[in-house]
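Visitor: Here is my input; please provide its structure:
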Amino acid sequence: MAVHEAFALSLPDEAATVALAQGLAPSLIDGGVVYLRGELGAGKTTFARALLRALGVGERVKSPTYSLLERYTVNGRDAFHLDLYRIADAGELEWLGLDELDAPGTIVLVEWPERGGDALPAPDLEIVLEHEDTGRRGCLVPLSGRARDWLAGIGGAVRGGRG
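Guide: Predicted structure coming up:
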């Protein structure tokens, strides 16, 4: 298993989570897969919503908790936001037509990716959001070369600490 350098940072409030998403957004304009992990209320949807808005999604960015998947258009490309919290088995995703997630240039944000199994494309970046006494902590784990480039591009935002 490859060792990946993780970047950890303090996110003292919702504004910090939004700022992180806004900083990462320009890197995703050409596509990428981001897994969002964390317990309920950790800020996964807040992050996804802020990132999609920063990418230029003008319509209301809805939580896909009940629909499982929301699709948007960003600069003529597809952007998908999935929330798999309600999935008990990855086989339930078969009817969603997830083949489109692998198309070049597609932006994919997945909350609760552990419930998607092999039905999901491999992530470029994993973001783990955790509660802590003073807000939240974010851990960004680049899992591809392009994700390492993304994080280098937003250097100041992820230099709060390295894990």
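
Visitor: contacts and neighbour counts: CA atoms only from here.
Guide: Will do.

Visitor: Figure out how far stretch 95-114 is from the centre of its chain.
Guide: How far stretch 95-114 lies from its chain's middle: 11 Å, per C-alpha atoms, centre = their mean, to the nearest Å.

Visitor: Repeat that for stretch 25-45.
Guide: 1 Å.

Visitor: now that stretch: mean pLDDT?
Guide: The pLDDT scores in stretch 25-45 average 93.

Visitor: Number of residues surrounding Ile87?
Guide: Per other C-alpha atoms under 10 Å, the neighbour tally for Ile87 reads 16.

Visitor: In contact with the residue nearest to it when sequence neighbours are not counted, which residues?
Guide: For Ile87, ignoring the flanking residues on the chain, the nearest one in space by C-alpha to C-alpha, 6 or more residues apart in numbering is Arg115 at 6.3 Å. For Arg115, the contacting residues are 84-85, 87-90, by C-alpha atoms under 8 Å, 6 or more residues apart in numbering.

Visitor: Now which of the residues you listed would you call buried?
Guide: 84-85, 87, 90 (16 or more other C-alpha atoms under 10 Å).

Visitor: Against Leu9, how distant is the residue of the chain positioned farthest from its centre?
Guide: Seen from the C-alpha centroid of the chain, the residue lying at the greatest distance (C-alpha atoms, centre = their mean) is Asp133, 23.3 Å away. According to C-alpha to C-alpha, to the nearest Å, Asp133 stands 14 Å off from Leu9.
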